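Engineer: Structure here, sequence nowhere to be found:
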């Protein structure tokens, strides 16, 4: 993760406004405060000034997209975890298990991610503000929007049920990300057990073969790991994209056999 080393190193910076930027700034500030305990406040001030002055030319466009996606992901997961007013140990473990099972973060990156979760959960900004900023940055990249939704859904449904707070957040994401093919979170959840393969393909069991074939072709194109990586998905998230890609292919194959086409 090239951007991560630059950011943590405190030798460069890239300014992000809005709630995503506020969370990142708070987490970076905390990191420098911890470093100051070992190096002294003078070093902390020097390093933080270097980061804050914003020499964004050292970040490639892809670096910037990856950094924003990473921070936005864990910011929105933090808002989901704190949707009911508290962040429980179970919710924290669910996010940690998602990281361990679906991503390729090392221990430093995982700690950074969890600091984002906790900082976001404590923020007064609502989930919708984070989602709106994310959409404003990636509105022309449907793969990124769909991937973000699927991450949110995967974590929310990890215990095989959705709370009302989780449903509300997922429905907000559907609306804000303009995901016209997604049903409401409650409907999406209710069909997952009986018609899982159709849900994976964003289809209904009553759809025609041609509709299912077209949906499959689009999803394969959208979720191919190489295609997503080229759009700015952090490389550590490509494991998740690969799993989703396999899930899509498996669902289509089972439907194809079921319908004999």
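Structural biologist: Nice, thanks for sending it over. Nothing here was measured: the structure is a model prediction, and the numbers come from that model. Numbering: from 1, shown residues only.

Engineer: Could you find the closest non-adjacent residue to the residue sitting nearest the centre point of the chain?
Structural biologist: In the chain, the centroid-proximal residue (C-alpha atoms, centre = their mean) is residue 73; its distance is 3.2 Å. Once flanking residues are discounted, residue 73 sits nearest to residue 151: 6.0 Å by C-beta to C-beta, 6 or more residues apart in numbering. C-betas here are computed from N, CA, C, even on glycine.

Engineer: In three-state terms, label residue 134 for me.
Structural biologist: Classification of residue 134 using DSSP: H, G, I helix; E, B strand; the rest coil returns helix.

Engineer: and if you look at residue 27?
Structural biologist: helix.

Engineer: helix or strand right after the helix or strand bottoming out on mean pLDDT in the chain?
Structural biologist: Least confident helix or strand of the chain, by mean pLDDT, DSSP states H and E, is helix 41-52 with a mean of 43. Next along the chain after helix 41-52, taking DSSP states H and E as the criterion, comes helix 61-81.

Engineer: Does anything pack onto that next one? Which helices or strands?
Structural biologist: With contacts defined as 3 or more C-beta pairs under 8 Å, 6 or more residues apart in numbering; DSSP states H and E, the packing partners of helix 61-81 are helix 2-9, helix 18-39, helix 89-102, helix 107-122, helix 127-138, helix 142-156, helix 164-176.

Engineer: surely residue 69 meets residue 236?
Structural biologist: No. Using C-beta atoms under 8 Å, residue 69 is not in contact with residue 236, being 10.3 Å away.

Engineer: Neighbour count: the two, which is higher?
Structural biologist: residue 69 (24 against 20; other C-beta atoms under 10 Å).

Engineer: if I pick that one, what's in contact with it?
Structural biologist: 138, 144, 148, 232-234, 237 (C-beta atoms under 8 Å, 6 or more residues apart in numbering).

Engineer: so how far is residue 98 from the residue nearest to residue 73?
Structural biologist: 8 Å (C-beta to C-beta, to the nearest Å).

Engineer: cool, residue 254 as well?
Structural biologist: Separation of residue 254 from residue 98 (C-beta to C-beta) stands at 25 Å.

Engineer: Also residue 210?
Structural biologist: According to C-beta to C-beta, residue 210 stands 35 Å off from residue 98.

Engineer: quick one, which of those two is more surrounded?
Structural biologist: Legend: neighbour count by other C-beta under 10 Å for residue 210 and residue 98, higher for residue 98 (16 against 9).

Engineer: can you list contacts of stretch 128-144?
Structural biologist: The list of residues contacting stretch 128-144 from outside it, by C-beta under 8 Å, 6+ apart, reads 18-20, 65, 68-69, 72, 75-76, 79, 120, 145, 148, 172-173, 176-178, 222-223, 227-228, 231-233.

Engineer: ok, now stretch 237-252?
Structural biologist: 69-70, 73, 102-104, 147, 150-151, 196-198, 200-201, 212, 216, 219-220, 223-225, 228-229, 233.

Engineer: Report the contact partners of the closest residue to residue 154 other than its chain neighbours.
Structural biologist: Nearest non-adjacent residue to residue 154, counting by C-beta to C-beta, 6+ apart: residue 98, 6.6 Å away. Residue 98 sits next to 77, 151, 154-155, 158 when contact means C-beta under 8 Å, 6+ apart.

Engineer: Report the separation between residue 98 and residue 203.
Structural biologist: Distance from residue 98 to residue 203, by C-beta to C-beta: 26 Å.

Engineer: What of residue 242?
Structural biologist: Distance, residue 242 to residue 203, using C-beta to C-beta: 22 Å.

Engineer: Tell me which helix or strand the nearest residue to residue 97 once chain neighbours are set aside sits in.
Structural biologist: Nearest residue to residue 97 in three dimensions, chain neighbours excluded: residue 158, at 7.0 Å (C-beta to C-beta, 6+ apart). Here residue 158 sits in a region with no helix or strand, counting by DSSP H and E.
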